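Trainee: below: sequence and its predicted model.
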Amino acid sequence: MKNQSLKRVVLTSSSSTVRIRDDFDPNIPLDESVWTSVELCNRFQVWYALSKTLAEQAAWKFCEENGIDLVTVLPSFLVGPSLPPDLCSTASDVLGLLKGETEKFQWHGQMGYVHIDDVASTHILVFEHEAAGGRYICSSNVVSLEELVSFLSARYPSLPIPKRFEKLNRLHYDFDTSKIKSLGLKFKSLEEMFDDCIASFVEKGYLSHVVTSQ
C-alpha cells in the first residue's frame, strides 16, 4: 500500500557516479548530466563506483515507473567531525593519513572533498525546496593528493603528514556545483573541514593535541 503522505524521496548517492570516465574534456567541470562509465568500472574493477552507479540508476528507474518524486545527492569525500563512537572507513582513512600512512590515500589521486555539515544541509535543502529536482553534486574542493598533503603539512606542522606518493596517470577533473549553490548552499572551506575533523579526533582520543598554523 502506498503512503499517500510521502511527497519526495531523497537518496544519498555519490560523486563517484559522475567522475569515473575517460572521455570528458578536463577543462569542462563535470555536472549532474554526466554518468560514470559502467564499462570502465568493470574493466578496472572499480567496484565502489560501479555499485553506487547501478544503485542510483535502479532507483531512478523504479521511481520513474512508480511516479515517485526522487532527488539524489552526490557527495564527494566527506570530512568533518565524527559522531559515532567507532570511526567509519572514511574517517579511518583520514586518520591514517594524518598519522603518516600512505596506503589508503595513495589511490585517491585527485578527489573532491566536502564538509559533512554541507552534505546534511544539502539533504535538507533538496527535500524542502519545492523546485528541487534531479541530481545534485555536493562537493566543496577538488584537489590533487599533492595539493592536499601540502596543505595539511603547512596547516598542521605537528602531524607526520606523508609527502611522497606514487604519481597516478589520471585525467584532471572538477565539479560544477552551481545547481546546489542555486538553492542557497555555501560550502565550507578545506580548512574548516579538517579543523573540525581533527578537533573531533582529539576529543575522542585518536590524536593528541595538534598544533595548527593559522
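Mentor: Yep, it's here.

Trainee: burial count for residue 154?
Mentor: 10 (other C-beta atoms under 10 Å). Any C-beta I mention is one placed from the backbone N, CA and C, and that applies to glycine too.

Trainee: enumerate every residue touching residue 162.
Mentor: Residue 162 makes contact with 97, 100, 101, 102, 149, according to C-beta atoms under 8 Å, 6 or more residues apart in numbering.

Trainee: just residue 142 next, same as before
Mentor: Applying C-beta under 8 Å, 6+ apart, the residues near residue 142 are 76, 110, 111, 112, 113, 173, 174, 175.

Trainee: ChimeraX command for the buried members of the contacts of residue 162?
Mentor: Applying 16 or more other C-beta atoms under 10 Å to the contacts of residue 162, the buried members can be selected in ChimeraX as follows:
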select :97,149
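
Trainee: for the closest residue to residue 111 other than its chain neighbours, name its beta-bridge partners.
Mentor: Nearest residue to residue 111 in three dimensions, chain neighbours excluded: residue 77, at 5.3 Å (C-beta to C-beta, 6 or more residues apart in numbering). Taking DSSP bridges, one obtains residue 113 as the residues bridged to residue 77.

Trainee: now, which of the contacts of residue 142 sits nearest residue 47?
Mentor: Nearest to residue 47, judged by C-beta to C-beta, of the contacts of residue 142 is residue 111 at 17.3 Å.

Trainee: can you name the residues that contact the closest one?
Mentor: 76, 77, 142, 143, 145, 148.

Trainee: hang on, the earlier thing: least confident pick among the contacts of residue 142?
Mentor: Within the set of the contacts of residue 142, pLDDT is lowest for residue 110 (87).

Trainee: can you give me the strands for this structure?
Mentor: Using DSSP state E, the strands found in the chain span residues 9-12, 70-75, 77-79, 111-115, 134-138, 141-143.

Trainee: now tabulate these in TSV and tack on distance to residue 38.
Mentor: Below are the strands of the chain laid out as TSV (distance: least, C-beta to C-beta, whole Å):
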stretch	distance to residue 38
strand 9-12	18
strand 70-75	16
strand 77-79	22
strand 111-115	21
strand 134-138	17
strand 141-143	23
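
Trainee: closest to residue 212 out of those?
Mentor: Comparing these by C-beta to C-beta, strand 77-79 comes nearest, at 15.3 Å.

Trainee: thank you, goodbye.
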